[in-house]
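Q: Give me coordinates for this.
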Amino acid sequence: MRVLLDTNAYSALIHGRSEVVDHVREAEEVLLSTVVLGEVLYGFQNGSRYQENRKRLDEFLENPHVQIVTLTPVTSERFGLISANLRRKGKPIPTNDIWIAAQTIETQSDLISSDPHFGFVEGLSWISFPAH
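A: Below you'll find the predicted structure:
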């Protein structure tokens with residue numbers, strides 16, 4: 001199993017929430033989108049423990065089972081399709097989340113996120129956990 005972590009899933013993992021930790025432990029590969037990485041680093045910049053959080057992130061990224069996923073032309077194509085489909089349905093979601101969904105589909109992963117709007121994305125394999 002391959003999982004891609006949304007920003008809230010990364011946070012839940014770092015805080016030891018079993019709903020996410022268990023899925024990550026079972027995964028053969030854990031993916032982190034460059035979009036999620038940007039959101040995580042943005043959060044660190046706005047917090048009071050940048051160095052501590054950055055060190056923990058760097059240690060996480062050093063794990064051989066963790067891979068950063070970049071945007072590709074295929075991602076862009078999927079982004080366009082997902083965006084158009086959501087617009088037709090009248091179910092807009094945040095733009096960054098469309099990119100994350102596109103990468104999840106492209107990498108044939110299961111997205112771990114507590115954001116319910118991912119349920120509107122056709123073809124997305126999504127593992128939901130309750131937000132706290």
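
Q: Was I right to think H117 contacts K91?
A: Yes: using Cβ atoms under 8 Å, H117 is in contact with K91, at 7.3 Å. (C-beta placed from N, C-alpha, C; glycine too.)

Q: what about these two, which has more around it?
A: H117 (15 against 12; other Cβ atoms under 10 Å).

Q: ok, for the more buried one, nearest residue in space, not its chain neighbours?
A: Sequence neighbours aside, I93 is the residue nearest to H117 in space, at 4.2 Å (criterion: Cβ to Cβ, 6 or more residues apart in numbering).

Q: For the one you found, give me its contacts.
A: 86, 101, 115, 117-118, 120-121 (Cβ atoms under 8 Å, 6 or more residues apart in numbering).

Q: try 10 Å this time
A: Shown in contact with I93 (Cβ atoms under 10 Å, 6 or more residues apart in numbering): 82-83, 86, 100-101, 115-121.

Q: ok, of these, which one's closest to V30?
A: Checking these against V30 with Cβ to Cβ, the nearest one is I100 at 14.3 Å.

Q: Tell me the buried residues in the one helix or strand that closest one maps to?
A: Per DSSP states H and E: I100 is located in helix 95-106. Buried residues in helix 95-106, defined by neighbour count with 16 or more other Cβ atoms under 10 Å: 97-106.

Q: swap in stretch 54-68?
A: Residues 57, 60, 66 are the ones in stretch 54-68 that count as buried (16+ other Cβ under 10 Å).

Q: Inside helices: which ones of those residues?
A: Among the buried residues of stretch 54-68, the members found in helices (DSSP state H) are 57, 60.

Q: Dump the buried residues of stretch 54-68 into TSV; add distance to R25 as well.
A: Below are the buried residues of stretch 54-68 laid out as TSV (distance: Cβ to Cβ, whole Å):
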residue	distance to R25
L57	19
F60	14
V66	13
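
Q: Contacts only, for the nearest residue to E122 once chain neighbours are set aside.
A: Computed as Cβ to Cβ, 6+ apart, the closest residue to E122 that is not its neighbour in sequence is N85, at 6.1 Å. Counting by Cβ under 10 Å, 6+ apart, N85 touches 91, 98, 120-123.
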